[in-house]
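> Give me coordinates for this.
(one chain, ligands or ions: 1)
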Amino acid sequence: MKIRFDNNKKIFTQHTEGIPYLSFDMLDAFGVPNLFTTRYESFDSESGTGATGLRLCVMNTEDPEEASPLVIANRDRLARQLGSSIECECITDQKHTNYVHVVRPEDLGPEWPAEKPLHRQYVDGMVTDIPDVLLTVFGGDCPSVYIADPVKKAIGLVHAGWRGTLGRIPAVAIAHMTVRFGCDPKDMYAAIGPGICRDCYEMGDEVYAAFAEQWSSADAEMILSRYPDVDSSGREIPGGKYHLDLREANKMTLLRAGIPEDHIAVSNVCTKCNSDIFYSYRSHRMENEQAAMLVNRFKK
Ligand SMILES: [Zn+2]
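Next up is the predicted model:
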């Protein structure tokens, strides 16, 4: 897989055995099983080719019941590649909220959360201190934010599209971990997963207005910039659209929540710039999305 990275920092390791995925070196160092998938069901490194079309979720699917057995089987395969299984998994319905669920043992298993009680719905993040629990979120341009506390042995995983980012969903997860599990943000490590880059992420003026109102104008200026329009001869002309930097925005939230800067890994992979390798909602508008997975297990 020839991924185009935005810089030459080494953030990820690529795995091509079984279902291919990327893992974060920073989380691997603590032995925390973690992954982010691609479009590939399989990949042969020698020939440089593979089978794409990997299906992992039933979101945006016309017939979830028909898709369900396949996506569950694929997620179980992935879970097993991390030394876990789908019986240990918790997922939520991901409605672009900033609600975070504290996982309970009865939440685990492959059932779609629509069949679960109301508290599992309209939820975009999860936290847990239960050993071996597997958290999974899905995204096809929206980054996931992975959080791990090796001291209290607790984890969090959130889906951070622009609405969740606006609602500071990583800080909501950190607050739950602090209050419920006694974690200290200074001990936590966080990784911002692959997602759409600033150059690719054009937004309407209302998004700038929302950040300026709910964050501050100064913060909005740091994460949103107006790119000039260009005429047919390549000259810049007045107008243009705002572009949002989801990575910078979520990094700002993590820093302000108290996680040290050297404990934060920021993805240098854009799903849209690499839309041959990743599902990108802005490129394909298709029903498939990547999975982010994180297991609450630490090296002894
Ligand atoms: Zn891009």
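
> ranges for the helices of the protein?
Using DSSP state H, the helices of the chain run over 25-28, 64-81, 162-166, 169-181, 205-214, 217-223, 246-256, 281-284.

> JSON lines for the ones you listed, including distance to residue 154, mean pLDDT and mean neighbour count?
Using the backbone N, CA and C atoms, a C-beta is placed for each residue, glycine as well. JSON lines is the format used below for the helices of the chain (distance: least, C-beta to C-beta, whole Å; pLDDT from 0 to 100; neighbours: other C-beta atoms under 10 Å):
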{"stretch": "helix 25-28", "distance to residue 154": "14", "mean pLDDT": "98", "mean neighbour count": "18"}
{"stretch": "helix 64-81", "distance to residue 154": "19", "mean pLDDT": "88", "mean neighbour count": "16"}
{"stretch": "helix 162-166", "distance to residue 154": "20", "mean pLDDT": "97", "mean neighbour count": "23"}
{"stretch": "helix 169-181", "distance to residue 154": "4", "mean pLDDT": "98", "mean neighbour count": "21"}
{"stretch": "helix 205-214", "distance to residue 154": "28", "mean pLDDT": "96", "mean neighbour count": "15"}
{"stretch": "helix 217-223", "distance to residue 154": "28", "mean pLDDT": "95", "mean neighbour count": "15"}
{"stretch": "helix 246-256", "distance to residue 154": "16", "mean pLDDT": "98", "mean neighbour count": "22"}
{"stretch": "helix 281-284", "distance to residue 154": "30", "mean pLDDT": "84", "mean neighbour count": "16"}
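
> Those helices into TSV, with extra columns for distance to the ion?
Output for the helices of the chain, formatted as TSV (distance: least, C-beta to the ion, whole Å):
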stretch	distance to the ion
helix 25-28	22
helix 64-81	25
helix 162-166	15
helix 169-181	21
helix 205-214	17
helix 217-223	16
helix 246-256	11
helix 281-284	9
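
> for these, which one sits closest to residue 240?
With C-beta to C-beta, the closest approach to residue 240 among the helices of the chain belongs to helix 205-214: 10.5 Å.

> So, low pLDDT: which residues of the stretch 1-150 of the chain?
For the stretch 1-150 of the chain, residues meeting the criterion pLDDT under 70 lie at 60, 112-120.

> residue in it nearest to the ion?
Proximity of the stretch 1-150 of the chain to the ion (C-beta to the ion) peaks at residue 6, 7.8 Å away.

> quick one: that residue from residue 196, how far?
12 Å (C-beta to C-beta, to the nearest Å).

> Please work out how many residues are found near the closest residue in space to residue 169 that isn't next to it in sequence.
Among residues not flanking residue 169 along the chain, residue 98 sits closest, at 4.2 Å (C-beta to C-beta, 6 or more residues apart in numbering). Neighbours of residue 98 under the rule other C-beta atoms under 10 Å: 21.

> on that earlier part again, got a list of what the residue of the stretch 1-150 of the chain closest to the ion touches?
197, 268-270, 273 (C-beta atoms under 8 Å, 6 or more residues apart in numbering).

> same thing with residue 256?
Counting by C-beta under 8 Å, 6+ apart, residue 256 has contacts residue 171.

> Could you identify which of the contacts of residue 6 has the most neighbours?
Comparing the contacts of residue 6 by number of neighbours (other C-beta under 10 Å), residue 270 comes first, having 24 neighbours.

> So in terms of bridging, what pairs with that residue?
residue 195 (DSSP bridges).

> got a list of what it touches?
Contacts of residue 270 (C-beta under 8 Å, 6+ apart): 4, 6, 194-197, 199-200.

> Would you list the buried entries among those residues?
The neighbour-count criterion (16 or more other C-beta atoms under 10 Å) marks 194-197, 200 among the contacts of residue 270 as buried.

> Contacting the ion as well, which ones from those residues?
Restricting the buried ones among the contacts of residue 270 to those near the ion by C-beta under 5 Å from the ion leaves 197, 200.

> Make sure residue 100 is actually in contact with residue 157.
No: between residue 100 and residue 157 there is no contact under C-beta atoms under 8 Å: 9.5 Å.

> and residue 124, how many neighbours?
Neighbour tally, residue 124, other C-beta under 10 Å: 28.

> Also residue 293?
Using other C-beta under 10 Å, the number of residues around residue 293 comes to 26.

> Which positions in this protein make contact with the ion?
So far as C-beta under 5 Å from the ion goes, the chain lies against the ion at 197, 200, 270, 272-273.

> Take these and write them to TSV, including distance to residue 212 and pLDDT.
Formatted as TSV, the residues of the chain next to the ion follow (distance: C-beta to C-beta, whole Å; pLDDT from 0 to 100):
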residue	distance to residue 212	pLDDT
197	22	97
200	22	95
270	25	97
272	25	95
273	27	96
